[in-house]
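Undergrad: turn this into a structure:
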Amino acid sequence: MTDTVVVLGSGYAGAGAVQSLESELGSDADITWISNVDYHLVLHETHRCIKDPSIQEKVTIPVEEVKSSGTRFIEGRVEDIDVADREISLADDSTVAYDYLVTCIGSRTAFFGIDGLREHAHTMKSLDDALGIHDDVREAAREATQSDPAQVVVGGAGLSGIQVAGEIAEFRDDNRAPIDIHLVEGLDNVFPNNDPELQGAIQRRLEARDIDILTGEFIGEVDEQTVYVGEETELDYDVLVWTGGVTGHECMAEVELEKDERSHRINAETDFQTDDERVFAIGDCALVDQPDGEPAPPTAQAAWQAAEVVGENVARQMRGQPLQSWTFKDKGTAISIGEAPSATT
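TA: Predicted coordinates:
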């Protein structure tokens, strides 16, 4: 009887895992791919839709163009994974059985318990998020004047926050829109924990785009009109975007796999295997061990690199062969600040 391998998620990890499994297994297994959308989203380019929504056609790739004809695709939202019975429950009450599972279900934005943040902020994890930011920024600009500009606050100056702020600045400049942009980072520098020279270069480019930067104090509370930063700073806003932090999906909270108790991200070895030998995890939903003791970063390039190897390891597990260890190799990070790119080397 042919084994069934199920892949969850259509991000970089999921799309890459499907292609990797198809290459390694061929007709030796039945592959089923499950995602809540019927496309692969080129997430690192999705922020460009904030300036120009028509770009959405260029950042979505239909699943039929990713997978082979032999792979079954199911559009549905995962509600639960029963690892004992090897069964996945979907939101429409249907179930999908598996012999081997590769979970690449991605992550959610972490709000860190900040009062009001979840209720009032946009996030930047999907195409709908980017289009929603565009709509609200455009509407706020329409209601503003040069003497009373719209106020846009972006929380978090990591990669996503920098790129969101840059696209809003591009929209503002292209449309001569009355918008003030504030980028807030709780740590001491933009693009935290990276090369100081690069941090300085990014900050100069942001400032050249007339983006106000506040670092060194965390957002403590948000209400429907104001962002409270540190003990003294208050920023009134018309549009608030929050890009800080990664946490697991709600559906992973009760899954009986070893995981981080706070974030529900699944613990995986360097070969992507979890504490269940039939379940593999890669991408943002996983904490994949690395030789330096830190997990692989939750980035597109890490997900894609892992996906290239996971198919081989699932095939090896099915055949009773030793699994390959994987080490992330950082190939640099490209950052767009509107139309002004900057990159690590």
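Undergrad: which parts of the stretch 101-250 of the chain are helices?
TA: 117-120, 127-142, 159-175, 196-208 (DSSP state H, counting those that start in this stretch).
Undergrad: distance from the chain centre to stretch 151-168, please.
TA: Mean-position distance between stretch 151-168 and its chain equals 15 Å (C-alpha atoms, centre = their mean, to the nearest Å).
Undergrad: now the residue positioned nearest the centre of the chain: closest residue in space that isn't a chain neighbour?
TA: Centroid-nearest residue in the chain, with C-alpha atoms, centre = their mean: Lys125, separated by 5.3 Å. Nearest non-adjacent residue to Lys125, counting by C-beta to C-beta, 6 or more residues apart in numbering: Thr109, 5.8 Å away. (Glycine included, C-beta is placed from N, CA and C.)
Undergrad: could you give the number of residues near that neighbour?
TA: Close neighbours of Thr109, defined as other C-beta atoms under 10 Å, add up to 21.
Undergrad: and it, how far from Gly248?
TA: The gap separating Thr109 from Gly248 is 11 Å, by C-beta to C-beta, to the nearest Å.
Undergrad: next, count neighbours for Ile55.
TA: Per other C-beta under 10 Å, the neighbour tally for Ile55 reads 18.
Undergrad: for the residue nearest to Lys125, what are its contacts?
TA: Contact analysis of Thr109 by C-beta atoms under 8 Å, 6 or more residues apart in numbering lists 123-125, 242-247.
Undergrad: try Leu257
TA: Contacts of Leu257 (C-beta under 8 Å, 6+ apart): 81, 83, 266-267, 274-276, 279, 281.
Undergrad: out of these, who has the most neighbours?
TA: In terms of neighbours by other C-beta under 10 Å, the contacts of Leu257 top out with Ala281 at 29 neighbours.
Undergrad: closest to Leu187 among the contacts of Thr109?
TA: Closest approach to Leu187 among these (C-beta to C-beta): Gly244, at 10.1 Å.
Undergrad: quick one, what contacts that closest one?
TA: Gly244 touches 109-110, 112, 155-156, 158, 161, 186, counting by C-beta under 8 Å, 6+ apart.
Undergrad: closest one of those residues to Glu254?
TA: Nearest member of the contacts of Gly244 to Glu254, counting by C-beta to C-beta, is Ala110, at 18.7 Å.
Undergrad: which non-adjacent residue is nearest the closest one?
TA: Gly245 (3.2 Å).
Undergrad: can you check Leu25 too?
TA: Nearest to Leu25 is Ala315, by C-beta to C-beta, 6+ apart, at 5.5 Å.
Undergrad: I figured that neighbour hits Gly26, correct?
TA: No: applying C-beta atoms under 8 Å as the test, Ala315 and Gly26 come out as separate, 9.5 Å apart.
Undergrad: give me the pLDDT value at Val229.
TA: Model confidence at Val229, given as pLDDT, is 98.
Undergrad: if I read this right, it contacts Glu221, doesn't it?
TA: No: Val229 lies out of contact with Glu221 (C-beta under 8 Å); the separation is 9.3 Å.
Undergrad: returning to that earlier point: which members of the contacts of Leu257 are the farthest-apart pair?
TA: Across those (C-beta to C-beta), the longest gap, 14.9 Å, separates Ile81 and Asn267.
Undergrad: one step back: which of Val229 and Glu221 has more neighbours?
TA: Comparing Val229 with Glu221 by other C-beta under 10 Å, the one with more neighbours is Val229, at 22 against 13.
Undergrad: tell me who's in contact with the more buried one.
TA: With contact set as C-beta under 8 Å, 6+ apart, Val229 has these partners: 184, 214, 217-220, 235.
Undergrad: could you save these as a markdown table and add columns showing neighbour count?
TA: A markdown table is the format used below for the contacts of Val229 (neighbours: other C-beta atoms under 10 Å):
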| residue | neighbour count |
| --- | --- |
| Val184 | 27 |
| Leu214 | 19 |
| Glu217 | 17 |
| Phe218 | 15 |
| Ile219 | 27 |
| Gly220 | 16 |
| Leu235 | 21 |
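Undergrad: just for the stretch 101-250 of the chain, where's the confidence low?
TA: Scanning the stretch 101-250 of the chain for pLDDT under 70 picks out nothing.
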